[in-house]
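Q: Curious how this folds, go ahead:
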Amino acid sequence: MNHIRPLIAGIALLSLFTYSAFSQGEEEEVFEYEAGGLEKYMGEGANVGGFLFPTLYVIGTGGVFEPGANPGDFATSEHDPLNEFGIQALDLDLRFQFGDQLEGFMTGVGFQGEDRVWEAELEEAYLHYHVNDWLTIGGGQFLNRFGFLADQHLHAWDFVNHNYVNSRMLNEGHLLTQGGEIMIKTPGNGGLLTLAAGGVRTHSHAHAHGHGEEEHEEHHDEHDDHDDHGDEDDHHEEEEHDEEHHHLEADDAGFNDNVFSVDYRFHLPFDDGLTASTSFATGENGWGEDTHAFGVGLQKVWNGHDHGSGYPSFCSGAVMLRTEFMTRDVTGYTEDGDMIDFDDQGLSTSVHWGITDVTTLSLRHDWISDVEIAELDDRHRISPALTTYMGPGDRVRARLQYDYVQSETIGSEHAAWLQIQIQFGGQGGSHAGHGH
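A: Predicted structure coming up:
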């Protein structure tokens with residue numbers, strides 16, 4: 001029953017927020033689509049034929065670690081840094097605009113896996129049709145909205161690496177969906193309700209997931225080496241082996257087939273600087289059973305400035321606090337074929353201070369709970385970071401970050417990162433559509 005309570009509470013909270021949104025009478029045009037509106041994000045000259053707007057991001061990252069540690073020990077997603085230094089990713093974004101109502105987006109990502117092996121993928125390719133001022137429909141392959149960060153690309157992250165809770169609950173941080181979505185502006189609170197459904201495109205990477213198949217095979221070989229110790233010893237060792245390996249594969253807990261999701265992001269009526277988010281997703285996991293994920297978050301901006309959206313935005317002199325809680329309920333099978341239910345939770349909180357219009361000081365705390373049967377440990381991480389933009393058009397971003405990680409299995413570990421991002425095309429600077 002314990003794992004059902006957060007889900008029930010979340011659904012009740014979502015219902016309450018939805019009721020409060022539609023009870024407001026006056027409509028705010030926060031998410032209004034404007035013909036030609038993409039040009040303000042892409043900058044002068046960054047277009048082809050007046051309908052194609054490309055932007056390329058080159059992201060290089062280097063790290064310093066304790067003796068015996070490596071970048072893979074700190075990574076929880078395929079887009080986190082996986083090498084001591086090198087190109088973390090190449091991100092090519094292509095935005096399309098066809099007339100007043102139809103727009104599209106396509107992004108391809110190349111990144112260096114472990115041992116600097118290059119991989120590439122088409123991350124998004126979708127079209128949106130703006131039916132009217134409050135309704136948009138779309139389809140294709142897209143990063144599903146789930147909270148504040150799940151639909152952000154690597155170049156828009158506030159830190160070098162992804163939040164623990166996103167990486168654990170949402171298939172390495174992104175619920176990549178091939179299907180359709182409906183976006184509805186809700187009246188009175190600048191809210192955006194997104195409904196999405198389709199198939200999930202999964203990742204096949206196995207880094208940073210604790211004990212894997214190789215370790216299982218090693219223990220199995222050890223067991224086979226002792227077959228000549230007699231029937232009694234064999235029986236005793238078999239019992240120890242079964243007890244030791246009565247666990248499940250953690251990757252299979254993620255969404256693996258079809259998924260349906262609801263995400264609602266809106267401003268609270270009593271404070272236009274306070275944004276709330278509620279999210280829910282349900283779908284089939286790697287065992288063919290169900291995984292349910294729920295998230296709730298708050299984002300508050302103090303001393304923000306109105307840049308034309310009607311609400312205060314984070315910038316120089318402002319402080320932004322963002323916190324997100326997620327939980328999921330999973331039904332799966334152990335390696336012995338026994339059905340089991342488990343749940344896990346995570347919380348990520350960050351605070352950002354705009355020292356200037358181009359420099360931000362940030363501090364993040366990540367926590368994710370343990371799942372003993374999946375050999376996933378309880379883990380905390382503290383990450384201070386300093387980010388600044390420079391160069392022509394503020395198209396060069398430099399970030400210095402420190403990570404302090406603590407868990408039961410690894411104890412305490414430290415890492416320091418330096419990341420340089422160079423942007424070609426588009427609008428540079430910290431407010432180039434990056435979610436601030």
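Q: Show me the shaky parts of the stretch 301-436 of the chain.
A: 308-311, 430-436 (pLDDT under 70).
Q: Quick one: the strands in the stretch 251-400 of the chain, in order.
A: 255-267, 274-285, 290-302, 305-306, 312-313, 319-333, 339-354, 359-368, 379-390, 396-407 (DSSP state E, counting those that start in this stretch).
Q: Tell me which stretches of the stretch 51-200 of the chain form helices.
A: If DSSP state H, counting those that start in this stretch is used as the criterion, the helices of the stretch 51-200 of the chain fall at 164-169.
Q: Take the strands of the stretch 251-400 of the chain and write them to a markdown table, including distance to F105.
A: Placement of C-beta: from N, CA and C, glycine included. A markdown table is the format used below for the strands of the stretch 251-400 of the chain (distance: least, C-beta to C-beta, whole Å):
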| stretch | distance to F105 |
| --- | --- |
| strand 255-267 | 18 |
| strand 274-285 | 21 |
| strand 290-302 | 23 |
| strand 305-306 | 26 |
| strand 312-313 | 22 |
| strand 319-333 | 24 |
| strand 339-354 | 26 |
| strand 359-368 | 26 |
| strand 379-390 | 23 |
| strand 396-407 | 21 |
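Q: so who does I422 touch?
A: 57-58, 391, 395-397 (C-beta atoms under 8 Å, 6 or more residues apart in numbering).
Q: between the strand or helix carrying it and strand 379-390, how many degrees?
A: According to DSSP states H and E, I422 maps onto strand 411-424. For strand 411-424 against strand 379-390, the angle by axes from the mean of the first three to the mean of the last three C-alpha atoms, to 10 degrees is 30 degrees.
Q: show me the contacts for R116.
A: 83, 86.
Q: what do you get for the one 10 residues further on?
A: With C-beta under 8 Å, 6+ apart as the criterion, the residues that contact Y126 are 104-106, 138-142.
Q: Can you give me the neighbour number for the spatially closest residue to it that is not a sequence neighbour?
A: Setting aside the residues directly before and after it, Y126 is nearest to G140 in space (C-beta to C-beta, 6 or more residues apart in numbering), at 3.0 Å. By the criterion of other C-beta atoms under 10 Å, G140 has 18 neighbours.
Q: What of L386?
A: L386 has 14 neighbours, counted by other C-beta under 10 Å.
Q: so what's it closest to, chain neighbours aside?
A: Computed as C-beta to C-beta, 6+ apart, the closest residue to L386 that is not its neighbour in sequence is L400, at 4.9 Å.
Q: Report the beta-bridge partners for the one you found.
A: Counting by DSSP bridges, L400 forms beta bridges with L386, L418.
Q: Can you give me the neighbour number for it?
A: L400 has 14 nearby residues by other C-beta under 10 Å.
Q: I87 too?
A: By other C-beta under 10 Å, the residues close to I87 number 15.
Q: and if you look at the one 3 residues further on?
A: Other residues within reach of L90 by the criterion other C-beta under 10 Å amount to 18.
Q: List the contacts of the closest residue to it other than its chain neighbours.
A: In this structure, L90 finds its nearest non-sequential neighbour in G110, 4.3 Å apart by C-beta to C-beta, 6+ apart. Counting by C-beta under 8 Å, 6+ apart, G110 touches 89-90, 118-120.
Q: Make JSON lines out of those residues and add pLDDT and distance to L418.
A: Shown next, in JSON lines, are those (pLDDT from 0 to 100; distance: C-beta to C-beta, whole Å):
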{"residue": "A89", "pLDDT": "93", "distance to L418": "15"}
{"residue": "L90", "pLDDT": "94", "distance to L418": "18"}
{"residue": "W118", "pLDDT": "88", "distance to L418": "21"}
{"residue": "E119", "pLDDT": "87", "distance to L418": "23"}
{"residue": "A120", "pLDDT": "89", "distance to L418": "25"}
